[in-house]
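# This is a predicted model, with the sequence first.
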Amino acid sequence: MKLRKGDLVKVIRGKDKGKTGKIEKVISKTKVSVANVNQYKRHLKRRSEKEQSQIITITKPLPIYNVSLICPVCKVPTRVGFRIEGEEKIRICKRCGKAI
């Protein structure tokens, strides 16, 4: 998997293009939920006497192809490659070649 929970990513397509954030959740290898990106308002009706109606903000997941990983070493959006060292498979930055 090229992207993991906790990675810093930049949105490259869509209404939030240019925003950055950390991945909160990876959903079935095709979508990611990024903190404070792709937020929508949801109106909730009152369900009982004790509850009030309210408007909440929810974060919807983005397709994984609309985000790009930001390398922690060179601080630039980059593609991800893999290298096998011993019995370990590690992710590398395609720009600087360092391990992510």
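Nice, thanks for sending it over. Residues are numbered from 1 along each chain as shown.

# buried stuff in the longest strand anywhere in the chain?
In the chain, with assignment by DSSP state E, the single longest strand is strand 20-27. For strand 20-27, a neighbour-count test (16 or more other C-beta atoms under 10 Å) marks 20, 21, 23, 26 as buried. Using the backbone N, CA and C atoms, a C-beta is placed for each residue, glycine as well.

# Return the residues in contact with the second one.
For residue 21, the residues meeting the contact criterion (C-beta atoms under 8 Å, 6 or more residues apart in numbering) are 8, 9, 34, 35, 36, 37.

# now the residue nearest to the fifth one when sequence neighbours are not counted, which residues is it bridged with?
In this case it means residue 36. Distances taken as C-beta to C-beta, 6 or more residues apart in numbering put residue 21 closest to residue 36, at 5.4 Å, once the chain neighbours are dropped. Residue 21 forms beta bridges with residue 9, as assigned by DSSP bridges.
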